[in-house]
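**Q** prediction below, plus the sequence it came from.
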Amino acid sequence: MLPRLILRELDQNRQQTAVLLVCIALSVVGLTALGGFQANVREAMLRDARQLHAADVIVRSSFPFLPAMEDKLRALDARDDVAVTRVWEFYTVVRTVDESASLLSAVKIVASGYPFYGQVQLASGEAFHDVIGPGNIIVEQSLLDRLGLTIGDRIFLGDTALVIRDVVISEPDRPVTVFTLGPRIFVDARDRGRLGLITQGSRVRYKALVRLPAEISPEAVQQDLWTAADAAQESVDTFRSADSRLKRFFDNLLFFLKLVGIFTLLLAGIGIHSVLSALLRTRIKSMAIMKALGAPSPFILRLYLGVVLFVGAAGTVGGILVGLPLQEMLARLLTDLIPAETSFRIAWDAVGESFLIGLLAVSLFAARPLLNLRHFKPSALFRHDSGHLRLFSAEGLTLALTALFFIGLVLWHLEDLRIGAYFIGGILALIGIVFGSCRLLLASLRHLPTRHLMVRQALRGLFRPRNATQPILVTLTASLTILYALFLIESNLDRAFVDAYPEDVPNVFLLDIQRHQTEALSRLVDQPLDFYPVVRAKLMAINGQAIDPKRERQRKSDNLARPFNLTYREHLLNDEEIVRGDALFDDDAGRLQVSVLKRVADIGGIRLGDRLRFKIQGVPLEATVSSIRVRVREGLQPYFYFVFPEETLKAAPQTIFTAMRADPRDMAALQNRIVQTFPNITILDARQTIRQIAGALERFSQVIRFFTLFSTAAGMLLVISSIIATRAARIREAVYYKILGARGRFVFYVFSLENFFLGAASAFGGLALAQLISWVVCTRYFDIPYAPHAAVSLAGLVAGILTVMGVGLSASRAIMRRRPARFLRTHAAE
Amino acid sequence: MTTQPIIEARQLNKTYSIDDRRIQVLQDVSLGIRAGEFAVIQGSSGSGKSTLLSLLSGLDRPDSGTVRIQGQDITKLSEDDLAPLRNRTFGFVFQSFHLVPSLSALENIMFPAELNHNPNAADEAGKLLERVGLAARGPNMPHQLSGGEQQRVAICRALINRPAIIFADEPTGNLDSRSGQAILELLLEFQREYHTTLLMVTHNPAIAQSADSRFQLADGRLAPPVAN
């Protein structure tokens, strides 16, 4: 009997059931897509870990390997069963042989044997080793396109012209970065010396790749190499332990996407609760009749539990079925950033996890309305307006369980207690503020005296019994807040760095200049240049406390374990001020000193008088903090975290860096001129670089926006559900208006206004909160000036209002068309 | 009282479809009601009384036949063309009261006057409420009122625009006999005072006895009119 009744209930409430089903599907679709995507990428990374690093053991450094490491590597290479190869990676500007065009490119010089694992795929289909060789290079297609070259043409790298032999399709250990500054060029190591590009202090990544026979443990070799490594500048990893940038990149991206996924689950959960409550309210009469005929409470509970579980399972399966293809969409959006070998299969673990989360969420959000059925009395039969029945009282236990479920889910997915706590706190604060504001707004609207008939009727409509006005406002406002905030932050980033590139700041950065080239360079570009010496170093300890690289890398912002560019000078820059200390350096200190920028001081908790220990190419240097500086104007002027007195660093291995302003129209010619004369100098066009960063940011924000749309959809579903739940009341209103002489237009305006209020309150609230959040993020986190973007905000506001009105009015169309006689006939007996 | 019918129906036919079944509810019904008259439509359950009232008041359309109100054929009018007629010429009182649940008693009465852009809607509604003894109940919502109180509010609402015709569909059907009697007296009192035509559907023979004319419906057909 029960299954039959369950099916009857589902059939009787098709519209509400459909809305509930979609709500449940929405709650799991994001997590399914993200979970599956993550599982597939991780599986590819684990399965092909050797290929991702092209070796068993990898030694890396930003400087030439120190003698101890070189000795160890030579000893390893001398063994018959072990192979060692070398890789050098750096950026340089290449130019066509007629000197008409040049391009910043990512050069990878490889010695024989590379890659030990995986393949460099070439467009010709030939083997990499058959093509690469002295005098030959292999390039990415975009280099040919941008320089207008074809296979067989020659280009200048440094002082040497090399022949383009093939096009690279993929490389196994491709570095994963959000954006690349230029196309890849493979060069044979035998040409390295004659290029003249690797000079003292050049920004080169040095790598030694080691291939081991199966019987030698990579970890043992790693241990052995560590004994010779200088931890300040050399790192040794196995393919298993390598802290892959790819993995870190995905961890960061998925971290943000999962926040959005969990946020959607929470909002969809509010939707589930609200829709189910509305559904049960429509069944009050049926329940009352069943109870009057002797059905016990557990029977009623089982009946509706059956309905919920059926819809819950169907919705979860639906969400999973939609979520699976979304993995592919994510993969397409991030195609350059995932391992080439990644194949997207159904990740059953992720599917199972989504199914469980979906059912658990449904059970928890449905628990309150279902448990309250116990208190339901059949006397409801004798009341005309069940909307006033207090069927749904608060249940502390289920509320607490729901809260625990979310906290557990957040901590499980985010795997970081502190960030998890911030997220939970942030979301609770957001929903709390939204909830409180909604209550306040509704309380003031309820008693708002208004003489305008249509406005009054529309406002009254908001308080129609069974109307889910408050849940609608909360979900829509919260989701619109996130959507608007993403948009505003993105617009401010664009404005700060891309759209309004300031006229008075440098737009060309010249790196890797040698000291003897400075005067000639100034003459060549025909303007005075400020040259900044750059000494690459690592911070080892603060007050004797060693920097922990693992902990540092977990920071979401900058970290202290990376190599820093130190400089030396005796004066403050125009845009700097001292906030701690009397001067940049203390004349009478009698010890080594360093001035620190406040931003890095804040990261490391560095204070005046602290002792900082650095290592510069193996040489230790300890200095006391003599001052802390701030930048008074944020922008693209060069700045340095650590500044030393001249006598301290003058003798250290260094390159020179400068920045200049050039007419964007002459940029190509300028680049050509400089690289012809100084092939070792790397030229960065700041605008182009920033555009690339902005493009990458846009892609990620598209992905995040896409997933945030699911939470907005949950809000929209609530609008539809609320209209379905109050369908009878709305028809009654529409009919009464007509009987009393109102035209169809009046009914349309009243319903439009009601939806307008919902949309306007949500959009205004969402925009106000988004402005606040974006202001905090931009000024405190990104350190950029904030603009409220009034015009686009207004457009977003109008779009939000129109969407809610559109959804609301389309769901009310049939209601507005209802003729009075039909309604009166069916309700005559009431 | 003039002799010109204010309501005139000719050859009204109406059928309803329930699934694949067609039911003829009214068959060739013709009648005329003079202005200022109190007329009653009688008949057993399912005889078509309420359907006839719906057709005469323009709430529904006949399959064939015409309804003329003050000489104007309303059967061809659109919903929007009927709106001013419903607002200014007609007043409705229903068995189930049909008060707008989201409006207070006072606002329910004001509503038709406000639609008619009457600047004194609130004052006039307040006076009517006072007249029916519910001055203190103005701010109350419909669900806070008893059945008799709700019906008195509905009568005030029907009268606020001083309509020429009041259509009342079993207005005492949901009330106890005492409240029912009070409501009937109130309706007749207003009908006399405002010189309104009152067309009422009722089962109650006592009420029918007090009407100026009676129309008896049986199986969708009208018996010859009876004048009291």
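**A** In hand now; what should we look at? Residues are numbered from 1 along each chain as shown, chains lettered A, B, ... in the order given.
**Q** every contact and neighbour count from this point should use C-alpha atoms.
**A** Will do.
**Q** got the residues of chain A near chain B?
**A** Residues of chain A lying near chain B by Cα under 8 Å from any Cα of the partner chain: A:385, A:453, A:460-461, A:463-464, A:732-733, A:736, A:738-744, A:819-821, A:828-830.
**Q** for chain A, which helix is longest?
**A** helix A:686-725 (DSSP state H).
**Q** ok, and for it, which residues are buried?
**A** A:686-687, A:689-690, A:692-694, A:696-698, A:700-701, A:703-705, A:707-725 (16 or more other Cα atoms under 10 Å in any protein chain shown).
**Q** stretch B:110-126 now?
**A** Under 16+ other Cα under 10 Å, the buried positions of stretch B:110-126 are B:110-116, B:121-122, B:124-126.
**Q** what does it contact?
**A** A:453, A:740-742, B:87-88, B:106-107, B:109, B:135, B:138, B:156-157, B:160-161 (Cα atoms under 8 Å, 6 or more residues apart in numbering or on different chains).
**Q** kindly recompute the last result at 6 Å.
**A** Residues outside stretch B:110-126 that contact it (Cα atoms under 6 Å, 6 or more residues apart in numbering or on different chains) are A:740, B:109, B:161.
**Q** go on, stretch A:804-821?
**A** Taking Cα under 6 Å, 6+ apart as the rule, stretch A:804-821 contacts A:731, A:735, A:755-756, A:759, B:59-60.
**Q** go on, stretch A:100-109?
**A** With Cα under 6 Å, 6+ apart, stretch A:100-109 has contacts from A:87-95, A:182-189, A:672.
**Q** among these, which are in helices?
**A** Using DSSP H, the contacts of stretch A:100-109 in helices are A:Asn672.
**Q** now for the helix ranked longest in chain B, which elements pack on it?
**A** Identified as the longest helix of chain B according to DSSP H is helix B:177-194. Helices and strands touching helix B:177-194, as assessed by 3 or more Cα pairs under 6 Å, 6 or more residues apart in numbering or on different chains; DSSP states H and E, are absent.
**Q** so how far is the helix or strand just after that helix off the chain centroid?
**A** Counting by DSSP states H and E, the element after helix B:177-194 in chain order, helix or strand, is strand B:197-201. Distance of strand B:197-201 from its chain centroid, counting by Cα atoms, centre = their mean, to the nearest Å, is 6 Å.
**Q** name the residues of whichever helix or strand comes after strand B:197-201 that come out as buried.
**A** Downstream of strand B:197-201, the next assigned helix or strand under DSSP H and E is helix B:205-209. The neighbour-count check on helix B:205-209 (16+ other Cα under 10 Å) flags B:Ala208 as buried.
**Q** CA atoms of helix B:205-209 as PDB?
**A** The C-alpha trace of helix B:205-209 is given here as PDB (Å, rounded to 0.1, in the frame of the first residue of the first chain):
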ATOM      1  CA  PRO B 205     -38.000  29.300   0.500                       C
ATOM      2  CA  ALA B 206     -38.600  32.000   3.100                       C
ATOM      3  CA  ILE B 207     -36.100  34.300   1.300                       C
ATOM      4  CA  ALA B 208     -37.700  33.500  -2.000                       C
ATOM      5  CA  GLN B 209     -41.100  34.500  -0.600                       C
END
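**Q** return the subset of the contacts of stretch B:110-126 lying in helices.
**A** B:Ile109.
**Q** may I ask which of the contacts of stretch B:110-126 has the most neighbours?
**A** B:Ile109 (30 neighbours; other Cα atoms under 10 Å in any protein chain shown).
**Q** burial measure for the residue lying closest to that residue once chain neighbours are set aside, as a count.
**A** Nearest residue to B:Ile109 in three dimensions, chain neighbours excluded: B:Arg157, at 4.1 Å (Cα to Cα, 6 or more residues apart in numbering or on different chains). Counted by other Cα under 10 Å, the residues lying close to B:Arg157 total 28.
**Q** quick check: phi and psi on A:Pro620?
**A** Torsion angles at A:Pro620 (phi, psi; degrees, to the nearest 10) stand at phi -80, psi 150.
**Q** find the nearest non-adjacent residue to it, please.
**A** A:Phe614 (5.7 Å).
**Q** can you give me the neighbour number for that neighbour?
**A** Count around A:Phe614 with other Cα under 10 Å applied: 21.
**Q** beta partners of it?
**A** In this entry, A:Phe614 is beta-bridged to A:Leu539, A:Leu621, by DSSP bridges.
**Q** what pLDDT is listed against it?
**A** Per-residue confidence at A:Phe614 stands at 91 (pLDDT).
**Q** pretty sure it sits against A:Thr624.
**A** No - using Cα atoms under 6 Å, A:Phe614 makes no contact with A:Thr624, being 11.2 Å away.
**Q** gap between the two ends of stretch B:170-184?
**A** 10 Å (Cα to Cα, to the nearest Å).
**Q** buried ones in that stretch?
**A** For stretch B:170-184, by 16+ other Cα under 10 Å, it's B:170-175, B:179-180, B:183.
**Q** between these, which sits nearest A:Leu370?
**A** Minimum distance to A:Leu370 across those is 34.7 Å, recorded for B:Asn174 (Cα to Cα).
**Q** thanks a lot, catch you later.
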